[in-house]
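>>> give me a model of this one.
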Amino acid sequence: MSGAWVRTRDELRAQRRRRPHRCWDHLLAAPLWPKYGVNLGTLLRTCDAVGACLVVPRRPWIDEALARGNTLRRPSCVHRISSPLDLLAAQGAKDSAILGVELADDAVRLGDLPAARRRTVIVLGNESDGIPYDALPLLDTIVEIPMVGSGLSLNVAVAGSLVLYRLAGLM
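Predicted coordinates for the structure are as follows:
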């Protein structure tokens, strides 16, 4: 290495911006119709990285799925809800921005999405069915993640992570 200085993990951690996290404050990742639990723990780690909360439906297998994929050493911000549509309606009534990650003719490309300036709920469907049709009218904005390959979707952890980083203003 030609004179490069490599910082230690402790030095990198010390430089990170310390910001208190308040539940329901700014960004909420909401995979409200999950099919595969393996992605939820990974998405929870991204939520921690950007200071967001994770909102999941009450299902018997969710806690195990979160524990299996979550390698964080401290408690994470997870909220459990009974009705996805009721959550979206309530957040909309509180003037939250409701953003869905989905394919649609009028979707905003991820690269054109500005950082969130108010509380924003990022609604994620599942890999095979997307966001259910009855939830689409509750969305303020639809964002599309451009893809050049033959697949139509990314898994919920990857899609959610890309959008969370963009909305947090970290990319």
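
>>> quick one: contacts for the spatially most central residue of the chain?
With distances taken as C-alpha atoms, centre = their mean, A29 lies nearest the centre of the chain, 3.4 Å away. By C-beta atoms under 8 Å, 6 or more residues apart in numbering, the contact set of A29 is L43, T46, C47, A52, C53, L54, V55, I122, L124, G160, L164. All C-beta atoms are positioned from the backbone trio N, CA, C, and that covers glycine.

>>> what secondary structure does it sit in?
strand (DSSP: H, G, I helix; E, B strand; the rest coil).

>>> out of the contacts of A29, name the ones that lie in strands.
Residues of the contacts of A29 located in strands (DSSP state E): C53, L54, V55, I122, L124.

>>> contacting residues for the last one?
Think L124. Taking C-beta under 8 Å, 6+ apart, we find L124 in contact with A29, A30, P31, L32, G100, V101, I131, V156, A159, G160.

>>> show me the beta-bridge partners of the second one.
Listed by DSSP bridges, the beta-bridge partners for A30 are V123.

>>> that one reaches V123, doesn't it?
Yes: between A30 and V123 a contact is recorded at 5.2 Å, counting by C-beta atoms under 8 Å.

>>> who has more neighbours, those two?
V123 (29 against 25; other C-beta atoms under 10 Å).

>>> counting neighbours, what do you get for the residue nearest to P146 when sequence neighbours are not counted?
Excluding the flanking residues, the one nearest P146 by C-beta to C-beta, 6 or more residues apart in numbering is R109, at 5.8 Å. By the measure other C-beta under 10 Å, the count of residues near R109 is 10.

>>> now do the same for R109: its pLDDT.
If you check R109, the pLDDT there is 95.

>>> swap in the one 3 residues further on?
At D112, the model reports a pLDDT of 96.
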